[in-house]
Structure formats: structure tokens, C-alpha cells
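Asker: okay, structure incoming, though there's no sequence with it:
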């Protein structure tokens, strides 16, 4: 299924235009994506391992993806979590942690405080091959060993102090 993204300007104002994922952006065009950081009552973070056939395959990351045309980032976050690990969230589970802008995208990063048994997760076919809870220290070690998607590592390092 092809994905279409809404196009925004540098101030995140919708430009009443969409593009198909993979099409080039014009100068000054942006899209919106989201990332969900699940945290359990022990303070551990849920990370997922990317399918080997995806870009950065085999590396670990937080759940996330592009916001489809017509979606809000909250709707996209709920959808991405369901697609990637089979967990159904409500919009009330999500708390906006940070709005991040880089290159030609805006990313809304949400935190979800929830205890989840990883054995009950249903990993999305062609999306994720594993999921696990890690302490922040374990995640930092994985980052040092370059086992985490580079951009995810950057955001975690930048935001871990405000968790």
C-alpha cells in the first residue's frame, strides 16, 4: 500500500498538498512523523529491532513512522504502535514529550507509561523482528556499540534527561 504524506512549510503550516512517500521534496517542504517511547514502571524503555530488509535493518529503535495524509500525530502514533507490536493504545495514553525538527521533517515524540509483557506482543510482519525492555544504561551501551539507529540514538541522548 502506498503512503501519502501531507506537506508543511518551515512553520509547520499545512500547504494543502500531499506527496507519495519516496517522492522528492521541493525546497522548503517538510513532512511530519512521530516516535513513541514506551516506558514501564521500572523506568525501562521498550525498543524494537528493525526487520533486516528495512533500511538500518537489524538495528534497534523506538516505535514510529510517518504521519499519513489526513492523520494527526496522535492517530499516527496509535497506528504505528499497533502495526509494529500489536499493542492497542488510546490517545489518552500518549503524552507529548518533545517536538523535534531536523532536515525536512518535524517529529512529535510521545512518551507512554505502561507495563507490557513482551511475550504478548504481536510483531508486525516486515516491520519488527524483536522487542525488549532495556534500562537507560543498557540503551546507552547499545548506542555506544552502534546497535541503535543513529538518529534514534541522537534523540535519546538529547532528551533522556527530561524523562
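Answerer: Now that the structure is in, tell me what you want to look at. In this text, all values refer to a predicted model and were calculated from it rather than measured experimentally. Numbers count the residues shown, from 1 in each chain.
Asker: which of the residues in the longest helix anywhere in the chain are buried?
Answerer: Longest helix in the chain by number of residues (criterion: DSSP state H): helix 73-85. By neighbour count on 16 or more other C-beta atoms under 10 Å, the buried set for helix 73-85 is 73, 74, 76, 77, 78, 79, 80, 81, 83, 84, 85. In short, each C-beta sits where N, CA and C put it, glycine included.
Asker: likewise stretch 122-138?
Answerer: For stretch 122-138, burial by neighbour count (16+ other C-beta under 10 Å) applies to 123, 124, 127, 128, 129, 131, 133, 134.
Asker: list the contacts for the third one?
Answerer: With contacts defined as C-beta atoms under 8 Å, 6 or more residues apart in numbering, the neighbours of residue 127 are 48, 50, 51, 54, 83, 84.
Asker: mind redoing it with 7 Å?
Answerer: 51, 83, 84 (C-beta atoms under 7 Å, 6 or more residues apart in numbering).
Asker: returning to what we had before: after the longest helix of the chain, next one along is what?
Answerer: strand 95-102 (DSSP states H and E).
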